[in-house]
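Student: Here's a sequence, model it:
(one chain, ligands or ions: 1)
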Amino acid sequence: MEQWLERLYIAAEGARLRNEDRRKAREVAALLDEIGRGISRFSRRSPIVLVDAAAGKSYVGLLAAKLVLDVSERRGRVITIERNPAFVSASRLAAERLESLTPIECRGGDVAEAAAWPEDASIVAALHACGAAADSIIGRTIAVHARMLLLVPCCTSAAMTAAARAEKAAERAGIPRHAPVRRRFIQAMVDAERTWRLEAAGYETEVVEFVPPTVTPHNLLWRARFVGEPRRMKAAEEALGRLAEGFSPCVPPADAL
Ligand SMILES: C[S@@+](CC[C@H](N)C(=O)[O-])C[C@H]1O[C@@H](n2cnc3c(N)ncnc32)[C@H](O)[C@@H]1O
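Tutor: Residues are numbered from 1 along each chain as shown. Below is the predicted model:
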C-alpha cells in the first residue's frame, strides 16, 4: 500500500513518504479489506458502483478500483466526490497514472448535494469524513438505497446540528463544562444518533475499531449493511425517539404545575 501511495501521489509530487503517509497506508489497506469483504457478498450479476465520498485525493476509491475490483474481476465503476478543486485535480491525475481497468470518475461537488451522487450507488466508503460531511453521507447513502456504507467519521465540530443538539442535552443533563468530559458526552450522543439513524433506515450497523488508535484517534468504522428488517427498524426508530427526548427541554408533569 505504501508503494502505491508513493507511486501515485508522493513521488509524483516530488516528495518522499512521511510517517503520516505510512499511517494513511494502514488505514487505506484496512478499508480496502472491508470493501473486498463487502462486495464478496454482492451478486456477480450486478455491477459494483463504489462511491468514495469526501474523497480528498481519492486514495480509497482509486486503490479499490485497482486492488479490489480489478483483482477480483468484478464489473463496476468508481465515483469519487470531493469539494476541494485542488484535490479533485490531484485525484484525476492519479487516476490516469493508475491505469485501472475499472472506470473512475472524480467528481467535484458537495456530498450534501443529491446531484453529486450516482443514483445506482451500491457501496459507499468514506474515510475521515469531517464534521457534517459524515451526516450528509449517511443521508445520501439512505436516499440512493446503497446496499452498504463503510463510514469513518472524523472531527465533530460545534457547528454541526447534531453537536449543537447534544450540547443542549449536556446542559440539561448537568454534564460539567470541563472540556474532556463534555466532549466525550457530545461525541457519544452524535455517534448514537448516527447509529440509530442507519438502523432505522434498515441498515444492520456495527461500529468497530478498524485500525488501532495509535494509527489515528478517529478509528471508528460504521459498517452498515442494508437488510430492511422491519422489527429492527421499528426498534431503532423508537430508540432514536428516546434519544431525541434527551435532546428536548424537560416538560414538568401536569400535576406538578
Ligand atoms: C480529512 S479529509 C479525508 C480525505 C480522504 N477521504 C482521506 O482519508 O484521505 C476530508 C475531506 O473531505 C472533504 N470534504 C469535507 N466536507 C465535504 C463536503 N461537504 N463535500 C465534499 N467534500 C467534503 C474535504 O475537502 C477533505 O478533502
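
Student: can you give me the strands for this structure?
Tutor: In order along the chain, the chain carries the following strands (DSSP state E): 48-53, 76-82, 104-108, 123-129, 148-153, 203-209, 220-226.

Student: okay if I get these as CSV plus mean pLDDT and mean neighbour count?
Tutor: Any C-beta I mention is one placed from the backbone N, CA and C, and that applies to glycine too. Output for the strands of the chain, formatted as CSV (pLDDT from 0 to 100; neighbours: other CB atoms under 10 Å):
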stretch, mean pLDDT, mean neighbour count
strand 48-53, 98, 26
strand 76-82, 98, 25
strand 104-108, 98, 19
strand 123-129, 98, 25
strand 148-153, 98, 25
strand 203-209, 98, 15
strand 220-226, 98, 21
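
Student: Which residue is the nearest non-sequential neighbour of the most centrally placed residue in the chain?
Tutor: Nearest residue to the geometric centre of the chain (CA atoms, centre = their mean): Leu151, 2.4 Å. Counting by CB to CB, 6 or more residues apart in numbering, Leu151 lies nearest to Trp222, which is 4.3 Å off, once chain neighbours are set aside.

Student: Then Val60?
Tutor: With sequence-adjacent residues excluded and distances taken as CB to CB, 6+ apart, Val60 is closest to Asp52, at 4.8 Å.

Student: Smallest gap between the protein and the ligand, at which residue?
Tutor: Closest residue of the chain to the ligand, CB to the nearest ligand atom: Gly56 (2.5 Å).

Student: got a list of what that residue touches?
Tutor: Gly56 sits next to 82, 84, 87, 127-128 when contact means CB atoms under 8 Å, 6 or more residues apart in numbering.

Student: Out of these, which are close to the ligand?
Tutor: When the contacts of Gly56 are checked against the ligand using CB under 6 Å from any ligand atom, the ones in range are 82, 84, 87, 127-128.

Student: and the two most separated of those?
Tutor: Asn84 and Leu127 (14.9 Å; CB to CB).

Student: Look up phi and psi at the residue of the chain closest to the ligand.
Tutor: Backbone geometry at Gly56, expressed as degrees, to the nearest 10, gives phi 60, psi -120.

Student: repeat for Val215
Tutor: With angles defined as degrees, to the nearest 10, Val215 sits at phi -80, psi -50.

Student: list the contacts for it?
Tutor: With CB under 8 Å, 6+ apart as the criterion, the residues that contact Val215 are 23, 26-27.

Student: And the closest residue to Ile10 other than its chain neighbours, how far from Phe87?
Tutor: For Ile10, the nearest residue in space outside its immediate sequence neighbours is Leu17; the separation is 5.6 Å by CB to CB, 6+ apart. Computed with CB to CB, to the nearest Å, the distance linking Leu17 and Phe87 is 19 Å.

Student: Tell me, how many residues neighbour Arg18?
Tutor: Burial of Arg18, expressed as a neighbour count using other CB atoms under 10 Å, amounts to 10.

Student: picking that back up, right, and the strands of the chain - which one's nearest Ile142?
Tutor: Per CB to CB, nearest to Ile142 of the strands of the chain: strand 203-209, 7.8 Å.

Student: helices and strands around the closest one, which ones?
Tutor: Counting contacts by 3 or more CB pairs under 8 Å, 6 or more residues apart in numbering; DSSP states H and E, the secondary-structure elements packed against strand 203-209 are helix 179-200, strand 220-226.
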